[in-house]
Structure formats: structure tokens, C-alpha cells
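**Student:** Pasting the sequence and the predicted model now:
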Amino acid sequence: MISGRIRDREAIIEFDVSAPGQSPQQVEAVIDTGYNGYLTLPSQLVSALRLPFAGHRRGTLADGSITRLDVYLGTVFWHGHQKDVLVLQKADTTLIGMSLLAGSRMTMDVVDGGHVSINSLFSCRSDTGTQWRSRRRP
């Protein structure tokens, strides 16, 4: 389980990120359910982690503006496993998007200091101890 807290009406968690094959660094990120990518990191953290450059991508920001973003390759440690992801460089923001949350159940107590928990749907067990699996809707 990944856990965090609500601070100033934002769900915040800490997790490890690294360049592929390098030592991880713990980062704090805001969960953004309106962002459909994996992860954004500020330019100074992208540089400090020495993430390999992967190209450019056009992106639509929350205000509707379209911008060109630099894309890097990163590795996150998510639900006990390493996961290679595309990282967008964003000025001063560390965000987790829906692509990283895919396959997870997130619950939040949305009060200042409230608990945030993210569990993998592929390893959740019900109270009876039986395996639970997510199902696709037809």
C-alpha cells in the first residue's frame, strides 16, 4: 500500500523515482486526477536524477493552453515493483497522473491531515481472504 496525507486540499504521497538502473530518490507528489499521464517532475529534479531524454510531446494544460513539453524516461517504485514511465518536465510541479494510478484503488479522507491510501487492484484481498480482480465492463 502507498499512503499519504491531505494538505491544503491536495492529496500528497511520497515515493521513489530514478533514472533507469540508477539509485532512487524519494519525491513528494500531488495526485492530479485531471492529468492522464504518469508523472511530471520539475526541471531541477529531472537534471539531478539524470533522466534520459526521450523527446517532446504536445500537452494541453489545465488552463486549456497547448504547450510543448520535454519527455524523459524514469523508473518509479510503485506497489513494491519498479515501473518504467514517461516523465514530463514541468516548471515547478511534481504530479502523479491517472496512467500511474491505473490498476489501483485510491481512497482519501478529504480533511486537512486526512489519510490517502493507494492499493493495487491486482493484489487486493477481500475481508474473506479471497482474491479480488478488477473486471472490464463490456
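**Tutor:** Ah, there it is.
**Student:** C-alpha from now on. contacts and neighbour counts both.
**Tutor:** Will do.
**Student:** show me where this structure has helices.
**Tutor:** With DSSP state H applied, the chain shows helices at 43-49, 98-101, listed in chain order.
**Student:** Just list whatever residues bridge to the residue nearest to the spatial centre of the chain.
**Tutor:** In the chain, the C-alpha nearest the mean C-alpha coordinate belongs to Ile96, at 3.0 Å (C-alpha atoms, centre = their mean). Bridge pairing for Ile96 (DSSP bridges) gives the partners Ile31, Leu39.
**Student:** Quick one: residues contacting it.
**Tutor:** 29-32, 35, 37-40 (C-alpha atoms under 8 Å, 6 or more residues apart in numbering).
**Student:** tell me the contacts of Ile12?
**Tutor:** With contacts defined as C-alpha under 8 Å, 6+ apart, Ile12 is in contact with 4-6, 28-31, 116.
**Student:** filter these to the buried ones?
**Tutor:** Buried by 16 or more other C-alpha atoms under 10 Å: 4-6, 29-31, 116, out of the contacts of Ile12.
**Student:** Could you list every helix and strand that the lowest-mean-pLDDT helix or strand in the chain packs against?
**Tutor:** Here the helix or strand of the chain ranked lowest by mean pLDDT, DSSP states H and E is strand 53-60, holding a mean of 92. Under the contact criterion of 3 or more C-alpha pairs under 8 Å, 6 or more residues apart in numbering; DSSP states H and E, strand 53-60 touches strand 66-78.
**Student:** hang on, the earlier thing: report the lowest-confidence entry in the contacts of Ile96.
**Tutor:** Note: of those, the lowest pLDDT belongs to Tyr35, at 91.
**Student:** where does the closest residue in space to that one that isn't next to it in sequence sit relative to Met1, distance-wise?
**Tutor:** Leaving aside its chain neighbours, Tyr35 sits nearest to Gly97 (4.8 Å; criterion: C-alpha to C-alpha, 6 or more residues apart in numbering). According to C-alpha to C-alpha, to the nearest Å, Gly97 and Met1 sit 17 Å apart.
**Student:** Give me the neighbour count for Arg57.
**Tutor:** Counted by other C-alpha atoms under 10 Å, the residues lying close to Arg57 total 11.
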